[in-house]
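[1] Sharing a model that was predicted from the sequence below.
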Amino acid sequence: MATELEELLGFLSSPSLQVKKAAVDIVRGLTGSDDGLASLSAHADLALPPLVRILCEDPPELASPAAEALINLSQDAALSEKLVAHGTLPTAMNKLYKSGDRKVSHLLVMLLANLTQVDAGANSLLQIGDDKMEGLYISKLVRSFCRSSSEESKEEDIFEHVASILVNISKMESGRQILLEPKRGLLKQAIHQFDSTNPLRKKGVSGTIRNCCFEADNQLHNLLAIAEFLWPALLLPVAGNKVYSEQDTSKMPHELGNALSHEREPVDDPEIRKQALEAIYLISLQEAGRRSLWSVNGPRILQVGYEDEEDPKVIEAYELIGSLGLTPS
């Protein structure tokens with residue numbers, strides 16, 4: 001005999017939109033509590049397929065609560081794995097670029113961010129194993145991420161969670177290789193979002209750059225090919241609060257020198273400063289990386305930033321670079 005929950009989940013496939021709407025609203029409510037999540041997890045095979053179907057086939061008033069339920073459910077790694085196995089990623093990507101509803105689109109990107117936290121989800125988004133399609137989804141998302149930042153700030157930032165997706169996929173070697181591929185230019189595009197006033201975008205780009213620098217031992221030429229964008233993104237957050245002298249800035253490229261010769265907003269998030277320093281360290285382990293850092297007067301910037309730093313973990317990251325003998329005397 002079917003339990004009450006099983007009956008409810010059966011209504012998710014009702015031909016009546018009204019009945020289906022009532023059922024999906026109740027299921028969304030259940031995902032808001034630990035007990036509800038546990039019950040739905042135990043019935044994942046009954047709950048997940050109809051929710052994905054509703055998300056992709058039904059109007060926004062049903063798709064939106066279905067998406068919210070799936071976002072809550074996909075915070076559990078085991079359920080994320082099941083959703084990926086159900087083909088949720090390509091389905092969500094297809095819906096994302098056909099949906100005319102801003103709220104549903106925003107929720108779909110959040111769902112993709114959750115699903116790419118598991119390796120299977122990241123591989124699915126990267127389309128690993130499909131030579132003709134590999135990297136297509138992430139290229140579309142990066143393009144949308146970069147274009148959407150110019151939208152009015154009063155509106156919901158639909159693609160802001162692409163920042164988290166980039167961090168997730170850059171934890172994998174295959175993801176880093178796709179991001180660093182010169183023909184695609186994905187990291188080069190994404191780096192420009194480091195200037196965003198949206199903290200989620202800024203922190204996501206910072207983490208993505210740091211992760212990509214783990215490839216510095218064999219992809220340094222691709223990293224340094226975008227040095228004119230890379231060094232400002234890495235050095236400005238750790239440059240401290242001082243206005244630099246003309247003597248210092250004259251040895252820097254224009255973008256760095258110009259920014260540091262004026263008063264500026266400091267990067268308050270110590271995690272971003274730490275990530276930037278970790279990236280600089282990874283690059284500086286390579287001789288060509290150290291030469292590139294010297295060429296932009298990077299050691300002087302690190303010296304000044306170190307003097308201003310108060311966070312113990314960030315100080316530790318400065319000192320790790322200092323151990324390479326990069327601090328000027």
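    Yep, it's here. Numbering: from 1, shown residues only.
[2] mind checking the SS state of residue 263?
    coil (DSSP: H, G, I helix; E, B strand; the rest coil).
[3] does it really touch residue 242, like I thought?
    No: using CB atoms under 8 Å, residue 263 is not in contact with residue 242, being 9.4 Å away. (Each C-beta comes from the backbone N, C-alpha and C, glycine too.)
[4] more crowded one of those two?
    residue 242 (13 against 8; other CB atoms under 10 Å).
[5] For stretch 129-136, C-alpha coordinates in PDB please.
    The C-alpha atoms that make up stretch 129-136 are tabulated as PDB, following Å, rounded to 0.1, in the frame of the first residue of the first chain:
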ATOM      1  CA  GLY A 129      34.300  12.000 -23.800                       C
ATOM      2  CA  ASP A 130      32.300  13.700 -26.500                       C
ATOM      3  CA  ASP A 131      35.100  15.100 -28.800                       C
ATOM      4  CA  LYS A 132      32.700  17.100 -31.000                       C
ATOM      5  CA  MET A 133      30.900  18.700 -28.100                       C
ATOM      6  CA  GLU A 134      33.500  18.900 -25.400                       C
ATOM      7  CA  GLY A 135      33.600  22.400 -23.800                       C
ATOM      8  CA  LEU A 136      30.600  23.700 -25.600                       C
END
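[6] Just the buried residues of it, please?
    Residues of stretch 129-136 classed as buried: residue 135 (neighbour count, 16 or more other CB atoms under 10 Å).
[7] contact partners of that stretch?
    The contact list for stretch 129-136 (CB atoms under 8 Å, 6 or more residues apart in numbering) reads 123, 126-128, 178, 181, 184, 186.
[8] Relative to residue 114, how far out is residue 66?
    14 Å (CB to CB, to the nearest Å).
[9] So which of the two has more stuff around it?
    More crowded of residue 66 and residue 114, by other CB under 10 Å: residue 66, with 28 against 24.
[10] check contacts around the more buried one.
    Taking CB under 8 Å, 6+ apart, we find residue 66 in contact with 24, 28, 51-52, 54-55, 58.
[11] Just the ones in helices from the residues you listed, please.
    24, 28, 51-52, 54-55 (DSSP state H).
[12] On the pLDDT front, check residue 53 for me.
    Model confidence at residue 53, given as pLDDT, is 94.
[13] any idea where the helices of the stretch 101-250 of the chain begin and end?
    For the stretch 101-250 of the chain, the helices defined by DSSP state H, counting those that start in this stretch occupy 102-115, 119-126, 136-148, 162-169, 173-180, 186-191, 199-212, 216-224, 227-235, 246-249.
[14] quick one on the thing from earlier: between the contacts of residue 66, which sits nearest residue 253?
    Comparing the contacts of residue 66 against residue 253 with CB to CB places residue 55 closest, at 46.7 Å.
[15] Skipping its backbone neighbours, what lies nearest the closest one in space?
    Once flanking residues are discounted, residue 55 sits nearest to residue 66: 4.5 Å by CB to CB, 6 or more residues apart in numbering.
[16] Look at the one you found and tell me its secondary structure.
    Per three-state DSSP, residue 66 ends up helix.
[17] Quickly compare the helices of the stretch 101-250 of the chain and say which is most buried.
    Highest mean neighbour count among the helices of the stretch 101-250 of the chain (mean count of other CB atoms under 10 Å): helix 162-169, with a mean of 26.
[18] Show the secondary-structure elements that it is packed against.
    With contacts defined as 3 or more CB pairs under 8 Å, 6 or more residues apart in numbering; DSSP states H and E, the packing partners of helix 162-169 are helix 102-115, helix 119-126, helix 136-148, helix 173-180, helix 199-212.
[19] could you flag which of the ones in helices among the contacts of residue 66 are buried?
    24, 28, 51-52, 54-55.
[20] Reformat those as TSV; add distance to residue 95.
    TSV is the format used below for these (distance: CB to CB, whole Å):
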residue	distance to residue 95
24	16
28	18
51	13
52	10
54	11
55	7
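[21] how about the nearest residue to residue 61, chain neighbours excluded?
    Here the residue nearest residue 61, using CB to CB, 6+ apart, is residue 21, at 6.6 Å.
[22] residues contacting that neighbour?
    Here residue 21 is in contact with 61-62, 65 (criterion: CB under 8 Å, 6+ apart).
[23] Mind giving me the ChimeraX select for the residues you listed, buried ones only?
    In ChimeraX, a selection of the buried entries from the contacts of residue 21 looks like this (16+ other CB under 10 Å):
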select :62,65
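[24] tell me which of the contacts of residue 21 is nearest to residue 166?
    residue 65 (27.5 Å).
[25] Residue 222 contacts residue 183, doesn't it?
    No: here residue 222 lies out of contact with residue 183, judged by CB under 8 Å, at a distance of 10.5 Å.
[26] Overlap in contacts, these two.
    Common contact partners of residue 222 and residue 183 (CB under 8 Å, 6+ apart): none.
[27] can you tell me the helix or strand for the residue nearest to residue 250 when sequence neighbours are not counted?
    Once flanking residues are discounted, residue 250 sits nearest to residue 257: 7.0 Å by CB to CB, 6+ apart. Residue 257 belongs to helix 254-260 when elements are defined using DSSP states H and E.
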